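Peer 1: got a predicted model here, sequence first, then my questions.
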Amino acid sequence: RGVSSNVRLSRKDVVQNWIKQGESFELTETCKLVLLEGDITEWHIDGQTDAIVNAANTRLLGGGGVDGAIHDAAGRELKEACRQIPQVTRGVRCPTGEARITRGFRLPVSRIIHTVGPIYWNNSRAAEQLQDAYKNSCSLAVQEGLKYIAFPAISCGIYGYPVEEAASVALRTVKETSAGLQEVHFVLFEEKAYFTWSNEAESTLKKI
Ligand code: AR6
């Protein structure tokens with residue numbers, strides 16, 4: 001009831017202006033942590049020194065989840081740019097835990113950092129690989145002179161990483177590797193992820 005059956009909302013209509021005001025914490029003396037709930041494709045700071053991180057797969061040619069949303073919003077040029085990234089082994093442009101960078105194309109950010117989180121199941125190296133994904137994304141951002149970076153909850157969707165464990169790895173790792181960055185944001189799509197990140201931050205960091 002309420003919405004007529006012949007009204008079809010596109011994904012864009014549903015999520016427009018969907019980033020909610022969040023919370024801030026002191027990550028380190030020089031870097032702020034910001035937690036937000038919403039759609040990462042809408043996030044931006046200044047369009048010049050900002051980047052969002054994509055939770056991609058090793059082929060880097062798009063997929064479902066946040067990867068699909070980013071490719072949809074950035075436009076076809078993004079897929080073309082990804083295709084140009086050299087393959088390390090057959091079909092693999094970015095091994096698990098590593099990161100690659102492209103322009104933002106139709107997104108309001110300057111750059112997109114593509115990283116590949118671990119598939120959680122039957123993977124004894126999952127924590128180490130998740131840590132690498134965060135660490136290499138931050139390092140690449142610093143290397144490229146970026147100041148603001150926004151992460152989704154890497155591996156917490158299709159790749160099955162439990163949210164509590166992921167939040168702890170994510171916050172610990174960005175704290176260790178944020179030197180050179182001004183702000184690290186997490187844009188969390190699901191309420192559960194938002195509250196889990198928020199609880200983890202409250203128990204380990206100072207709120208500002
Ligand atoms: N903004 C922010 N977060 C989002 C958005 C969005 N628009 N959409 C989904 N999420 P997933 P993974 C959240 O599955 O687990 C793809 O097919 C989602 O709720 O996107 O790393 C790739 O091509 C979840 O919390 O990524 C790979 O094959 C988090 O983003 C595979 O999925 C990550 O979920 C990667 O799986």
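Peer 2: Happy to help now that I have it. Residues are numbered from 1 along each chain as shown.
Peer 1: does the ligand have contacts with the one helix or strand Ala170 maps to?
Peer 2: Taking DSSP states H and E as the criterion, Ala170 maps to helix 163-177. No. Looking at helix 163-177 against the ligand by CB under 6 Å from any ligand atom, there are no contacts, and the closest approach is 7.5 Å. In short, each C-beta sits where N, CA and C put it, glycine included.
Peer 1: helices or strands up against that helix?
Peer 2: The criterion is 3 or more CB pairs under 8 Å, 6 or more residues apart in numbering; DSSP states H and E, and the helices and strands that helix 163-177 contacts are helix 126-143, helix 191-204.
Peer 1: what's the first-to-last distance across stretch 153-160?
Peer 2: With CA to CA, to the nearest Å as the measure, the ends of stretch 153-160 fall 11 Å from one another.
Peer 1: show me which residues of the protein are close to the ligand?
Peer 2: Checking the chain against the ligand by CB under 6 Å from any ligand atom, the hits are 39-41, 55-57, 63-67, 69, 117, 152-159, 187, 189-190, 193.
Peer 1: among those, which ones are in helices?
Peer 2: Among the residues of the chain next to the ligand, the ones falling in helices (DSSP state H) are 65-67, 69, 193.
Peer 1: who wins on neighbours among the residues you listed?
Peer 2: For these, the largest number of neighbours (other CB atoms under 10 Å) sits with Val66, at 25 neighbours.
Peer 1: out of the helices and strands packed on helix 163-177, the one nearest Glu176 is which?
Peer 2: Between Glu176 and the helices and strands packed on helix 163-177, the tightest spacing by CB to CB is seen for helix 126-143, at 7.5 Å.
Peer 1: what are the contacting residues of the closest one?
Peer 2: The contact list for helix 126-143 (CB atoms under 8 Å, 6 or more residues apart in numbering) reads 51, 53, 96-101, 111, 113, 115-120, 123, 149, 151, 154-155, 161, 165-166, 169-170, 172-174, 176-181, 184.
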